[in-house]
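Colleague: build me a model from this:
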Amino acid sequence: MRIMLALIAFACATGNVFAADAMKKPPTPAQQAQQEKMKSCNAEAKTKALKSAERKKFMSGCLKADKK
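Modeller: Predicted structure coming up:
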């Protein structure tokens, strides 16, 4: 009986996870562009070896650069 309840609980818990993956929508073109921009800004910050406040300031400026 305990095993059956455990299996039912496990099935319910994992079923929700699989259902969430199936309902996941692909990113929009704007989201994809933002993700690419974030990747390039991250790579540039890494090559410059920026840390903490300097990195935060750089990332903010880098991400806002094309919006103007």
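Colleague: all helices for this structure, in order.
Modeller: 2-23, 29-47, 52-64 (DSSP state H).
Colleague: where's the residue nearest in space to the middle of the chain relative to Pro26, distance?
Modeller: When Cα atoms, centre = their mean is applied to the chain, the residue found nearest the centroid is Gln35 (8.8 Å). Counting by Cβ to Cβ, to the nearest Å, the gap from Gln35 to Pro26 is 12 Å. All C-beta spots, glycine's among them, are computed from the backbone N, C-alpha and C.
Colleague: number of nearby residues for Lys46?
Modeller: Applying other Cβ atoms under 10 Å, we find 10 residues neighbouring Lys46.
Colleague: point out where this structure drops to low pLDDT.
Modeller: Applying pLDDT under 70 to the chain flags the ranges 7, 14-22, 66-68.
Colleague: now with 50, please.
Modeller: Within the chain, the ranges that satisfy pLDDT under 50 run 68.
Colleague: dump the residue contacts of Ala13.
Modeller: With contact set as Cβ atoms under 8 Å, 6 or more residues apart in numbering, Ala13 has no partners.
Colleague: so how far is Ala6 from it?
Modeller: Per Cβ to Cβ, Ala13 is found 11 Å from Ala6.
Colleague: and for Lys48, nearest residue in space, chain neighbours not counted?
Modeller: Distances taken as Cβ to Cβ, 6 or more residues apart in numbering place Phe58 nearest to Lys48, at 7.2 Å, with adjacent residues excluded.
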